[in-house]
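Undergrad: My questions concern the predicted model and sequence given below.
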Amino acid sequence: MIEATLCFPLRDGETGADPATDADLATDDETGREVLLIEKRRGLGEGWYNGPGGKCEPGETPRECAIRETREEVGLEVRDLEKAGELRFLLDGEAHTFCHVYRTRSFEGEPTASEEAAPEWVPVDDVPYDRMWDDDRLWLPGVLEGKTVAGEFRFEGGTPLDEADFVDHEMAWDASLEGDQDEKRSY
Ligand SMILES: COc1nc(N)nc2c1ncn2[C@H]1C[C@H](O)[C@@H](COP(=O)(O)OP(=O)(O)OP(=O)(O)O)O1
């Protein structure tokens, strides 16, 4: 089974309003948060949006993998990753990928495109689920709200995984994730 990671950097977004003239109109609703997504340029999920991430290398912890992949794909140095999910993807009844999901508000640098990924800050209320893996609309909204998820997602139709059909799933929120005792932060 492949062990992989996803990392979702979060920041406070722009209001879109001119603070000099529209200050009295600004509300909390207008100060939306944003998540850094990538448009995958090659490999599994090519052409779809996802978080930065990829396969773990031998000897590497998932957390180290998420940090490395985010650096390689978009040039961002992420820190203080909070474990947000553990997702098991099955293809035709066989374990295919175990994916560790992280989020963070702590990072340095400006997202920059690479051969593998084109980064984009997206309002958390406007995530393009119609251009993502079918399972994402089930678990990513909760992860972006600060919840913790454990899930199993079943695909059928043969390899590659990104051409198979998503058939069903089981999911538990506020799951305690193995091997991750990080302090919870407020998102
Ligand atoms: C099945 O549903 C999935 N949903 C989501 N959101 N993400 C998924 C799903 N299945 C796999 N993934 C993620 C896990 C990884 O982050 C990437 C795939 O990474 P890739 O195979 O491209 O791994 P890399 O190490 O970056 O690639 P190279 O071998 O080209 O270096 O998708």
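TA: Looks like it came in fine.

Undergrad: Run a quick neighbour tally on whichever residue of the chain sits closest to the ligand.
TA: Nearest to the ligand in the chain, going by Cβ to the nearest ligand atom, is G54, at a distance of 2.4 Å. Every C-beta, even on glycine, is put in place using the N, C-alpha and C of the backbone. Other residues lying near G54 total 23 when counted by other Cβ atoms under 10 Å.

Undergrad: Excluding chain neighbours, what is closest to it?
TA: E69 (4.2 Å; Cβ to Cβ, 6 or more residues apart in numbering).

Undergrad: again, but for L87
TA: Nearest one to L87, counting by Cβ to Cβ, 6+ apart, is C99 at 4.4 Å.

Undergrad: Burial check on that neighbour, number of neighbours?
TA: Quick note: C99 (other Cβ under 10 Å) scores 23 neighbours.

Undergrad: do G142 as well
TA: 16.

Undergrad: Residue nearest the middle of this protein, spatially speaking?
TA: Nearest residue to the geometric centre of the chain (Cα atoms, centre = their mean): G51, 3.7 Å.

Undergrad: so it makes contact with L37?
TA: Yes: with contact defined as Cβ atoms under 8 Å, G51 and L37 form a contacting pair (6.4 Å).

Undergrad: residues in contact with the biggest helix by length in the chain?
TA: Assignment by DSSP state H gives helix 62-74 as the longest helix of the chain. Helix 62-74 is contacted from outside by 3-7, 9, 36, 38, 52-57, 60, 76-79, 81, 83, 100, 102, 107, 111-114, 116-117, 119, using Cβ atoms under 8 Å, 6 or more residues apart in numbering.

Undergrad: Just the element for the residue nearest to L87, please.
TA: strand 94-104 (DSSP states H and E).

Undergrad: Whether that strand contacts the ligand - can you check?
TA: Yes: contact of strand 94-104 with the ligand (Cβ under 6 Å from any ligand atom) involves T97, C99.

Undergrad: got the angle for that strand vs helix 62-74?
TA: For strand 94-104 against helix 62-74, the angle by axes from the mean of the first three to the mean of the last three Cα atoms, to 10 degrees is 80 degrees.
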